[in-house]
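*Asks:* structural data only, the sequence is not supplied:
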């Protein structure tokens with residue numbers, strides 16, 4: 001029987017629920033997707049609890065019917081303007097037990113101390129990213145379980161979110177009849193779907209009303225920034241420039257959105273008549289808007305990412321014809337579309353990146369807990385044997 005991981009993505013325009021089927025090797029064999037239009041949320045903050053609750057319930061109930069299985073808890077993507085990255089450091093003196101062997105309890109105690117010293121009362125810790133350990137003034141990049149020492153230090157990054165934002169979204173999910181397994185910063189989940197984790201890379205996610213850029217050294221997050229603009233701003237700019245409604249501008253981008261200029265004319269329907277417009281005008285407006293946005297994002301990329309770094313871009317913007325080539329001309333770095341392969345719908349492969357990344361992170365979490373549990377048991381057995389030998393001889 002295959003295990004299932006349930007994930008929930010919530011943004012201004014849609015709610016996405018997925019069920020990932022995971023085989024015994026820890027590989028995702030299939031991803032079942034259900035989508036609904038979202039209401040009651042703006043820029044990651046709940047504006048109408050009842051509307052958002054209904055959006056979540058409709059989507060999740062439909063997924064349950066498809067899989068004929070009860071969903072208890074979701075892994076949930078989270079994004080708001082006030083998610084922050086903090087640098088933290090902590091230190092402990094190892095217990096004088098004679099052996100001073102570092103065990104998982106020492107690591108947990110050190111992490112807890114490091115986090116508690118750097119958190120405010122109005123924020124919740126989403127992620128703690130271990131950067132490096134320092135054991136008796138020696139830098140150690142991996143967890144030093146089983147090593148000897150006197151003093152252990154840890155440098156880490158903390159990703160935090162305001163308490164109220166998480167509580168309100170949790171309330172909407174609970175009111176819909178479901179629980180939360182874990183909240184995950186959506187930038188990290190979407191980056192997990194990028195296939196080049198061993199390289200320096202930049203993840204750019206252009207959401208409906210928020211855009212984020214994350215800077216990675218391999219799997220280590222160096223920095224991120226969240227901007228108060230998104231894909232909707234392209235639509236608004238097009239609507240204003242062509243003097244048409246927002247829904248018509250959105251439809252125009254979906255059907256004729258291209259960054260490649262052409263003099264071919266198309267006919268669009270206004271309130272009282274039809275009017276002709278050249279596709280070149282549409283592409284000029286889109287190129288001008290994107291040039292401003294991408295140039296701003298480019299200034300956030302560190303110089304040491306050139307020329308070896310890579311860029312991954314997610315969001316509906318990648319569906320624009322000619323977008324990747326346009327982005328490469330701005331960034332002067334290779335640009336890759338971040339999407340989920342092997343989904344029947346090309347659009348789903350783009351908009352379900354966050355849900356897919358949530359499933360990958362969930363699988364890693366399960367594996368890590370199993371490894372830590374196994375390592376802890378081995379160390380405890382070893383220490384017990386050492387104590388028995390010590391008692392026998394001394």
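*Replies:* Nice, thanks for sending it over. Not measured: the values here are computed from a predicted model.
*Asks:* C-alpha only now, for contacts and for neighbours.
*Replies:* OK.
*Asks:* where along the stretch 151-300 of the chain do the helices fall?
*Replies:* Using DSSP state H, counting those that start in this stretch, the helices of the stretch 151-300 of the chain run over residues 163-175, 186-192, 231-242, 246-256, 279-298.
*Asks:* now these as JSON lines including mean neighbour count, distance to residue 358 and mean pLDDT?
*Replies:* As requested, the helices of the stretch 151-300 of the chain are exported to JSON lines (neighbours: other Cα atoms under 10 Å; distance: least, Cα to Cα, whole Å; pLDDT from 0 to 100):
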{"stretch": "helix 163-175", "mean neighbour count": "18", "distance to residue 358": "17", "mean pLDDT": "96"}
{"stretch": "helix 186-192", "mean neighbour count": "24", "distance to residue 358": "5", "mean pLDDT": "95"}
{"stretch": "helix 231-242", "mean neighbour count": "18", "distance to residue 358": "22", "mean pLDDT": "94"}
{"stretch": "helix 246-256", "mean neighbour count": "16", "distance to residue 358": "27", "mean pLDDT": "91"}
{"stretch": "helix 279-298", "mean neighbour count": "17", "distance to residue 358": "25", "mean pLDDT": "94"}
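*Asks:* quick one, what contacts residue 135?
*Replies:* For residue 135, the contacting residues are 149-153, by Cα atoms under 8 Å, 6 or more residues apart in numbering.
*Asks:* would you mind giving me the confidence score for it?
*Replies:* Here the pLDDT value assigned to residue 135 is 90.
*Asks:* quick one: residue 263 and residue 14, what's the gap?
*Replies:* Distance, residue 263 to residue 14, using Cα to Cα, to the nearest Å: 34 Å.
*Asks:* the two: who's more crowded?
*Replies:* A count of neighbours by other Cα atoms under 10 Å puts residue 14 above the other of residue 263 and residue 14, at 19 against 10.
*Asks:* surely the more buried one meets residue 41?
*Replies:* No: at 9.7 Å, residue 14 does not count as touching residue 41 under the criterion of Cα atoms under 8 Å.
*Asks:* overlap in contacts of these two?
*Replies:* The contact sets of residue 14 and residue 41 do not overlap (Cα under 8 Å, 6+ apart).
*Asks:* pLDDT below threshold where in the protein?
*Replies:* Residues of the chain meeting the criterion pLDDT under 70: 1-2, 96-99, 368-394.
*Asks:* how's it carved up into domains?
*Replies:* 84-163, 220-337 (automatic domain parsing).
*Asks:* among those domains, which is nearest residue 362?
*Replies:* Closest to residue 362 of the domains of the chain, according to Cα to Cα: domain 84-163, at 13.3 Å.
*Asks:* ok now the closest one, how far from the chain's centre?
*Replies:* 23 Å (Cα atoms, centre = their mean, to the nearest Å).
*Asks:* if we can go back for a sec, show me the contacts of residue 135 that map onto strands.
*Replies:* The strands in this structure, assigned by DSSP state E, contain 151-153 from these.
*Asks:* just the buried ones from the residues you listed?
*Replies:* Burial by neighbour count, 16 or more other Cα atoms under 10 Å: within those this picks out 152-153.
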